[in-house]
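Chemist: Any chance you could fold what I've pasted below:
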Amino acid sequence: MAYSIHFLPRFPFHSLAVAVGLTTTAAIAPAQTTFDAVSISGRTVPTVGVAGWGDLPLAKSPFQASIVTRDQMRDRDVTRLADLTRLDAAISDAYNTEGYWDYLTVRGFVIDNRFNYRRDGLPINAETSIPLDNKERIEVLKGTSGLQAGTSAPGGLVNLVVKRPTAGPLRDVSLSWRQPGTVQGTVDLSQRFGPAQAFGVRLNVAAEHFDPWVRQARGNRNLLALAADWQLGAADLLEAEFETSHRSQPSRPGFSLLSNRVPAPADPRLNLNNQPWSLPVVLDGDTASLRYTHQLNSAWKLSAHAASQRLTSQDRIAFPYGCGAEDNYSAYCSDGTYDLYDFRSENEHRRNDALELAAHGQFASNLGGRTLNHSASAGVLFNRVRNRFQGQAYNYVGTGNVDGTLFTGADPALTDESTNRDERSTEVFARDALRINEQLTAWAGLRHTRLHRESVRTDGSRPTDYSQSFTTPWLAASFAVSANTLAYASWGQGSESEVAPNRARYANAGEALPALKSRQREVGLKVQQQALRWGAALFDIERPVYADVALAAAGCDADIPGATCSHRVDGVARHRGLEADLQWQQGAWNWQGGLQWLHARREGSTTAAINGQRPTNVPAATLKLQARYDIATTPGLSAAIDLVAESNRMVREDNSLRIPGYARWGTQLRYATRSGTTSLVWRAGIDNLFDRRAWRESPLQFGHTYLFPLPPRTLRLSLEAAL
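Modeler: Residues are numbered from 1 along each chain as shown. The predicted structure is shown next:
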């Protein structure tokens, strides 16, 4: 394996459907799996709620996860999901650009925005801009996710935890500025009312004006979010919340290869979506949830949790794609020109409704005279998806170039069709953590999924309709080597479901394909001492791959009647790797970071040229590190430096082209002080400190290779006041 790393010194509120459902939040019994909390940088690490094991601390869990808390988001300037790629070595970019929704790669697999995202544990669609201002933390569960999701891509599952009313009053405001002219303001308020403070409310408001380094990308966004809870009695808690958000900003398309050549990194300020007729991408979202929890007794809880998400999108861009002059649609022309299309998909509507009913608690069993303690949960999740679109524009309008100096006329005619989709699924699940003795715990989970999916083009053509059922198990064992050391091993499955396109060229047009069963094996070690905390995991993920396989000379590139193509399983993607993290505090110094080494290969494909090759846009080695120093002469002042380093990424599936690895540095200052009764936190940072120029990523989209540059050196300032 060869790689290189180079180091250098509105608030419109549409109709919201709120339903009621049952889920569990019970803690694992103290006699079974309650452990001391882990801390990072002196702060308590929260539990990984999306894992489904109650209040289990991450340090005592038989899996790997990344948790970014509200304070860490502020200190590390995490304002969108794409920013997670700066913090965790297992998470990398998958097609992240200005003005669009984010894509993430975890352990080398691009996670699916439709199926791999959760909000307080319930499924949501992430084909939108997700505001983080009202999120308490972000959890990224790594590995196959069949225990937590009926269908999902392997690699990871992202869960967004909503801020809830605090125990005491909260008055928090912040103002931030990012070079050259982006400004954001937020308000976070919480208050409790009534006898015994039984009723609580939390309000989050945010507004932002975008003026980034990328030209022709000015825009704005806003958020209004309200959460409330009501302690109805000693055994009953009712929680409700909603958020409504709006974002409008032109997006930036990627650069590309010039014929069969990787060009020098482009000016990161240049936006190829700079036509006079270019319009912003507009993303509106409304989400609401209601959760009722009932404490049956000291050991068991029942709860109902329901949520509804409604998204509206105006997806528009001057879209560069391919080179007709050279009959090459995977890259731009050798002279830097490209075919330019007017793409518009207006009034996209996506709706997701979920209801979960569950029970969680503890009980004891007897086996051969030995008492075994269980922490168990069981339940059912109902999910419904309804996506509605209209005809779209995708019209050739002329030629553009990589200098952004050629301009064309617009053609917004609706000449192409979109696809409407419906899905209903029911998932029945059960989990059990069985504590055998003081050191050994066995873990088991099972999820059975039944789904029904339908799709049809917006003109009524190419309908598909199928039902499917499958079961995904998960097993693990953990062993407490000492009070500070945990070893574990796990095995699990995940599922994905797909139908062959209902088009003339497919021999299996419209047929439901066998569910893809991904498998992961993992062994890990977690060590937690007073000043040093570290962990490591070896993982092996195998995922079957759907692909178009040619059956005749005409192949799969055109709609030629006669069944010249088949959409089917075509080998596997196998990702094996080592993941490690470290947190070390010594005196005024605090170090934290992680690394990942990934051996990802394609195996068993009918296309011999890609067998044994690395996947595109996935670094084989990644290092992410932060060092912080608390300055004793000025209490409250700390300085930090960050490093993100990645090895090269493959550009072609046959690995004939690649982009070099890179390293970028950042630095920041944090000063916490008080003015009377007001706590103030000042922050200043510089991203890409040495203004490194490099290609950040090379995603393959629709058979075309795109290249995105590193952002330029950027100064940011913020002030947070807790009144």
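Chemist: where's residue 292 relative to residue 118, distance?
Modeler: Counting by CB to CB, to the nearest Å, the gap from residue 292 to residue 118 is 19 Å. Just so you know, the C-beta spots here come from the backbone N, C-alpha and C atoms, and that holds for glycine as well.
Chemist: So between the two, which is more surrounded?
Modeler: The neighbour count for residue 292 versus residue 118, taken as other CB atoms under 10 Å, is higher for residue 118 (25 against 20).
Chemist: Report how many residues lie close to the closest residue to that one other than its chain neighbours.
Modeler: Closest residue in space to residue 118, ignoring its immediate chain neighbours: residue 159 at 4.2 Å, by CB to CB, 6 or more residues apart in numbering. The number of residues packed around residue 159, counting by other CB under 10 Å, is 25.
Chemist: Got the confidence number for residue 21?
Modeler: At residue 21, the pLDDT value in this model is 33.
Chemist: Can you name the residues that contact the residue nearest to residue 118?
Modeler: 49, 50, 117, 118, 119, 120, 121, 138, 139, 140, 141 (CB atoms under 8 Å, 6 or more residues apart in numbering).
Chemist: The second one: what secondary structure?
Modeler: It stands for residue 50. Three-state call for residue 50 (DSSP: H, G, I helix; E, B strand; the rest coil): helix.
Chemist: now residue 439: how far from residue 171?
Modeler: 47 Å.
Chemist: got it, and residue 561?
Modeler: From residue 561 to residue 171 the distance is 67 Å (CB to CB).
Chemist: Please apply the same query to residue 695.
Modeler: 44 Å.
Chemist: coming back round to it: within the helices and strands, which one has the residue nearest to residue 118?
Modeler: Here residue 159 sits within strand 156-162, counting by DSSP states H and E.
Chemist: strands paired with that strand, and their directions?
Modeler: strand 117-119 (parallel), strand 135-142 (antiparallel) (DSSP bridges).
Chemist: before we move on, the earlier item: residue 86 versus the residue nearest to residue 118, what's the distance?
Modeler: Residue 159 is 19 Å from residue 86, by CB to CB.
Chemist: thinking again about what came up before, higher neighbour count, residue 695 and residue 171?
Modeler: Shown here are residue 695 and residue 171; by other CB under 10 Å, residue 695 has more neighbours (24 against 13).
Chemist: returning to what we had before: pick out the most distant pair among the contacts of residue 159.
Modeler: 120 and 140 (15.2 Å; CB to CB).
Chemist: what about stretch 512-520, how long is it end to end?
Modeler: 24 Å (CA to CA, to the nearest Å).
Chemist: and if you look at stretch 329-336?
Modeler: End-to-end distance (CA to CA), stretch 329-336: 14 Å.
Chemist: Show me the contact partners of that stretch.
Modeler: Counting by CB under 8 Å, 6+ apart, 255-261, 263, 320-323, 325-326, 338, 401-403, 703-705 sit against stretch 329-336.
Chemist: Check which residues of it are buried.
Modeler: 330, 331, 332, 333 (16 or more other CB atoms under 10 Å).
Chemist: State the three-state secondary structure for the first one.
Modeler: The reference is to residue 330. Under three-state DSSP, residue 330 comes out as coil.
Chemist: My guess is residue 229 contacts residue 163. True?
Modeler: No. If you go by CB atoms under 8 Å, residue 229 and residue 163 don't touch, sitting 11.4 Å apart.
Chemist: how near is residue 156 to residue 94?
Modeler: Taking CB to CB as the measure, residue 156 falls 11 Å from residue 94.
Chemist: Common neighbours of these two, please.
Modeler: Here residue 156 and residue 94 have 104, 111 as joint contacts, going by CB under 8 Å, 6+ apart.
Chemist: hmm, who's touching stretch 92-99?
Modeler: Residues outside stretch 92-99 that contact it (CB under 8 Å, 6+ apart) are 82, 85, 102-105, 110-111, 212, 214, 217, 219, 249-254, 271, 280-281, 617-619, 622, 646, 696-697, 699, 701, 706, 708.
Chemist: Select from these every entry located in helices.
Modeler: Judged by DSSP state H, helices contain none of the contacts of stretch 92-99.
Chemist: And these, which of them are buried?
Modeler: Here, 16+ other CB under 10 Å leaves 82, 85, 102-105, 110-111, 212, 214, 217, 219, 249-254, 271, 280-281, 617-619, 622, 646, 696-697, 699, 706, 708 buried among these.
Chemist: Among those, which ones are in strands?
Modeler: Members of the buried ones among the contacts of stretch 92-99 lying in strands (criterion: DSSP state E): 104, 105, 110, 219, 249, 281, 622, 646, 696, 697, 708.
Chemist: partners of the last one in the sheet?
Modeler: Beta-bridge pairing of residue 708 under DSSP bridges involves residue 697.
Chemist: residues in contact with it?
Modeler: 93, 95, 96, 97, 254, 255, 695, 696, 697, 698, 699.
Chemist: ok, it to residue 414 distance?
Modeler: From residue 708 to residue 414 the distance is 29 Å (CB to CB).
Chemist: do the first one as well
Modeler: In this view, residue 104 and residue 414 are 32 Å apart by CB to CB.
Chemist: hang on, the earlier thing: more neighbours, residue 156 and residue 94?
Modeler: residue 156 (26 against 21).
Chemist: Can you tell me the number of residues neighbouring the residue nearest to the more buried one when sequence neighbours are not counted?
Modeler: Nearest in space to residue 156, with sequence neighbours left out and distances taken as CB to CB, 6+ apart, is residue 106 at 3.2 Å. Residue 106 has 26 neighbouring residues, counting by other CB under 10 Å.
Chemist: Then residue 589?
Modeler: 11.
Chemist: Pull the contacting residues for it.
Modeler: 627, 628, 629.
Chemist: hang on, the earlier thing: so which pair among the ones in strands among the buried ones among the contacts of stretch 92-99 is furthest apart in space?
Modeler: 219 and 622 (30.7 Å).
Chemist: Any regions of the protein where pLDDT drops low?
Modeler: 1-46, 558-559 (pLDDT under 70).
Chemist: Give me the longest strand you can find in it.
Modeler: Assigned via DSSP E, the chain shows its longest strand as strand 337-367.
Chemist: and the residue nearest to residue 451 when sequence neighbours are not counted, what element?
Modeler: Using CB to CB, 6+ apart and skipping residues adjacent in sequence, the residue nearest residue 451 is residue 425, 4.0 Å away. Assigned by DSSP H and E, residue 425 belongs to strand 419-435.
Chemist: Just the CA atoms from that strand would do, formatted as CSV, please.
Modeler: Only the C-alpha atoms of strand 419-435 are listed here, as CSV (Å, rounded to 0.1, in the frame of the first residue of the first chain):
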residue,chain,number,x,y,z
THR,A,419,-39.4,9.6,-9.2
ASN,A,420,-42.0,9.6,-6.4
ARG,A,421,-41.4,7.1,-3.6
ASP,A,422,-43.4,5.6,-0.8
GLU,A,423,-42.3,3.2,1.9
ARG,A,424,-43.9,1.6,4.9
SER,A,425,-41.9,-0.5,7.4
THR,A,426,-42.4,-2.3,10.7
GLU,A,427,-39.4,-3.2,12.8
VAL,A,428,-39.6,-5.5,15.8
PHE,A,429,-36.5,-5.5,18.0
ALA,A,430,-35.2,-7.0,21.3
ARG,A,431,-31.9,-6.5,23.1
ASP,A,432,-30.4,-8.1,26.2
ALA,A,433,-27.2,-7.3,28.2
LEU,A,434,-26.5,-10.4,30.3
ARG,A,435,-24.1,-9.9,33.1
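Chemist: how big is the angle separating it from strand 337-367?
Modeler: Here the directions of strand 419-435 and strand 337-367 differ by 30 degrees (axes from the mean of the first three to the mean of the last three CA atoms, to 10 degrees).
Chemist: What are the buried residues along strand 419-435?
Modeler: Going by 16+ other CB under 10 Å, strand 419-435 has these buried residues: 420-425, 427, 429, 431-435.
Chemist: Tell me which stretches of this protein form helices.
Modeler: Using DSSP H, helices in the chain cover 30-33, 70-75.
Chemist: Contact partners for the closest residue to residue 490 other than its chain neighbours?
Modeler: Counting by CB to CB, 6+ apart, residue 490 lies nearest to residue 476, which is 3.7 Å off, once chain neighbours are set aside. When contacts are counted by CB under 8 Å, 6+ apart, residue 476 touches 62, 63, 442, 443, 444, 488, 489, 490, 491, 492.
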